[in-house]
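In: Everything below, folded, please.
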Amino acid sequence: MSRDTAAAGAGMKGIRFRAWHGKHYVTLAELLVRLGSFGLDLTWRVEFDEIVDPRCVEMERRSADAGMDTLTLLSLTTPFLQLIDAEARGFAGAS
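Out: Here you go, the predicted model:
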């Protein structure tokens, strides 16, 4: 079962977008910054189909338990980190 199918079956709502906007790659860090104060209270879990950087391993490790806060995730995604076949989920309240 794909993640898309599993999420649809669970009634989850979210935002999906392509990482490329024209010739510009929209990084996870850029998205987190654009969330502004709304994103500060979220708990994040990140899953990867392809590990492209040692920081991805750290993100998965931190996601395994209670997740990580937005500032921790932001620190792991900067400077420029391109994620390939990854899913980042932010939760407000209990995850």
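
In: Which residue, neighbours along the chain excluded, lies closest to residue 72?
Out: Using CB to CB, 6 or more residues apart in numbering and skipping the chain neighbours, the partner closest in space to residue 72 is residue 62 (6.6 Å). The way it works is simple: take the backbone N, C-alpha and C, and place the C-beta from them, glycine included.

In: Mind pulling up the pLDDT for that neighbour?
Out: pLDDT, the model's per-residue confidence, is 92 for residue 62.

In: Tell me the buried residues in the helix or strand where it lies?
Out: Here residue 62 sits within helix 54-64, counting by DSSP states H and E. Residues of helix 54-64 classed as buried by neighbour count (16 or more other CB atoms under 10 Å): 56, 59, 62, 63.

In: which stretches of this protein form strands?
Out: Listed from the start of the chain, the chain has strands (DSSP state E) covering 20-21, 24-25, 43-50, 68-69, 84-91.
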